[in-house]
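S.K.: Pasting the sequence and the predicted model now:
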Number of protein chains: 6
Amino acid sequence: MPTFHIELFEGRSIEQKRKFVEAITRVTCETLGCEASSVDIILTDVKRENWATAGRLWSDPEPSV
Amino acid sequence: MPTFHIELFEGRSIEQKRKFVEAITRVTCETLGCEASSVDIILTDVKRENWATAGRLWSDPEPSV
Amino acid sequence: MPTFHIELFEGRSIEQKRKFVEAITRVTCETLGCEASSVDIILTDVKRENWATAGRLWSDPEPSV
Amino acid sequence: MPTFHIELFEGRSIEQKRKFVEAITRVTCETLGCEASSVDIILTDVKRENWATAGRLWSDPEPSV
Amino acid sequence: MPTFHIELFEGRSIEQKRKFVEAITRVTCETLGCEASSVDIILTDVKRENWATAGRLWSDPEPSV
Amino acid sequence: MPTFHIELFEGRSIEQKRKFVEAITRVTCETLGCEASSVDIILTDVKRENWATAGRLWSDPEPSV
């Protein structure tokens, strides 16, 4: 019954999402030995202004060195 | 202090959400014996292109048999 | 396809959890008009030292007034 | 490697988010002794119609006493 | 920067988890075109008494037909 | 009403958690202008065998170069 929540930057096409969830489901069944029907995946499209690493929003420019 | 995160397909009306959170809160207090004021519920409206089961996006047609 | 993640303080008995998920599922179907089989609920038992409100861990004593 | 998911009502400006994630990252490094580069923060803007406390949606008026 | 939260029933060996996260990371990079170093995966081992489908805890026996 | 879910490697002392949530709550109120009583923080202690970056479990040794 694996349930996935996956956060990724917004901007992926439906075609990319389709291939992504197909591949994730396939390798999950292969490595965990479960039925495809038990794999649920929920994607969250995150805006760059809502994700920060090292205290910097990804919508802000990287500091020049 | 139960805190709920509930993901559901987008498209519910506010009236449906209102009845839903009222009922969830009521039965939570009844079965867990807690105060209504301690029950927090956050809903997430999920697009069908962001939810997959068995490797298929819910925005894609079901395969014919 | 509603999927619930519910965080609650540890210490609930299995009997309480059983009644709780039964009731949550029932009122979800009633108010959202979905099939019981589409309702998934995942509970997380949270230690009081891992939950804070107003900056105070719930494992710490409330300040006397 | 602390990873934050923070839900807050929608309506914050980017400037508020910028100061917020800077401050959160700074105090995390100070109190946990970790590198800023290991701190990831994901914000979720929640509509008032998607958050309920005590069984009432925050988009609904408070009951008069 | 995909970040995964994956809930699965407890009981997987470290060797299964190792193969699982390797495979998930590989197909994520292939289908989304991202760097492996940007893929973070957090697993949550869930007890059967903490997961319910259709209102039944997975620790409880299935009803006989 | 900011609600935080924070995942961090297991092994923090209660004293570290106490200082951490105090500081997080303080800077949240300062930068977002909210009441301390509206800030909820839930910590999740994650085992190193349950966290992977770049396809490697943190419980596994780093590859030598």
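M.R.: Perfect, thanks for sending it.

S.K.: Flag every residue of chain A that's near chain C.
M.R.: Residues of chain A that fall close to chain C, judged by C-beta under 8 Å from any C-beta of the partner chain: A:3, A:40, A:42. Every residue, glycine included, has its C-beta placed from N, CA and C.

S.K.: which of those residues lies closest to chain D?
M.R.: Nearest to chain D, judged by C-beta to the nearest C-beta, of these is residue A:42 at 13.1 Å.

S.K.: Where does residue A:20 sit: helix, strand or coil?
M.R.: State at residue A:20, reduced to three classes by DSSP: H, G, I helix; E, B strand; the rest coil: helix.

S.K.: Regarding the residue lying closest to it once chain neighbours are set aside, which helix or strand does it belong to?
M.R.: Excluding its sequence neighbours, the residue lying closest to residue A:20 (C-beta to C-beta, 6 or more residues apart in numbering or on different chains) is residue E:31, at 4.4 Å. Per DSSP states H and E: residue E:31 is located in helix E:14-32.

S.K.: Check which helices and strands that helix is in contact with.
M.R.: helix A:14-32, strand E:40-46, strand F:56-57 (3 or more C-beta pairs under 8 Å, 6 or more residues apart in numbering or on different chains; DSSP states H and E).

S.K.: Dump those to a markdown table, plus mean neighbour count, mean pLDDT and distance to residue F:13.
M.R.: A markdown table is the format used below for the helices and strands packed on helix E:14-32 (neighbours: other C-beta atoms under 10 Å in any protein chain shown; pLDDT from 0 to 100; distance: least, C-beta to C-beta, whole Å):
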| stretch | mean neighbour count | mean pLDDT | distance to residue F:13 |
| --- | --- | --- | --- |
| helix A:14-32 | 19 | 98 | 34 |
| strand E:40-46 | 20 | 98 | 22 |
| strand F:56-57 | 20 | 98 | 24 |
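
S.K.: Next up, the contacts around the residue of chain A found nearest chain F.
M.R.: Chain F sits closest to residue A:5 of chain A, with a gap of 11.2 Å, by C-beta to the nearest C-beta. Residue A:5 makes contact with A:42, A:44, E:4-6, according to C-beta atoms under 8 Å, 6 or more residues apart in numbering or on different chains.

S.K.: how far does the helix or strand it falls within sit from the chain's center?
M.R.: Here residue A:5 sits within strand A:3-9, counting by DSSP H and E. Strand A:3-9 sits 4 Å away from the centroid of its parent chain (C-alpha atoms, centre = their mean, to the nearest Å).

S.K.: do stretch A:33-40 as well
M.R.: Distance, centroid of stretch A:33-40 to centroid of chain: 18 Å (C-alpha atoms, centre = their mean).

S.K.: can you tell if it touches chain B?
M.R.: Yes: judged by C-beta under 8 Å from any C-beta, stretch A:33-40 and chain B are in contact via A:36-37, A:39-40.

S.K.: got the contact list for that stretch?
M.R.: In contact with stretch A:33-40 (C-beta under 8 Å, 6+ apart) are residues A:1-4, A:24-26, A:28-29, B:51-55, C:1, C:3, C:40.

S.K.: one more time with 6 Å, if that's ok
M.R.: A:1-3, A:25, A:28-29, B:53-55 (C-beta atoms under 6 Å, 6 or more residues apart in numbering or on different chains).

S.K.: Could you do stretch A:49-65 as well?
M.R.: Applying C-beta under 6 Å, 6+ apart, the set of residues contacting stretch A:49-65 is A:48, D:14, D:18, D:21-22, D:25, D:36-37, D:40-43.

S.K.: What residues sit buried inside that stretch?
M.R.: Neighbour-count burial for stretch A:49-65 flags A:49-53, A:55-57 (criterion: 16 or more other C-beta atoms under 10 Å in any protein chain shown).

S.K.: Report the spatially closest residue to residue A:18, excluding sequence-adjacent ones.
M.R.: That would be residue B:57: by C-beta to C-beta, 6+ apart, it lies 5.7 Å from residue A:18.

S.K.: what does residue A:23 give?
M.R.: Leaving aside its chain neighbours, residue A:23 sits nearest to residue E:27 (3.8 Å; criterion: C-beta to C-beta, 6+ apart).
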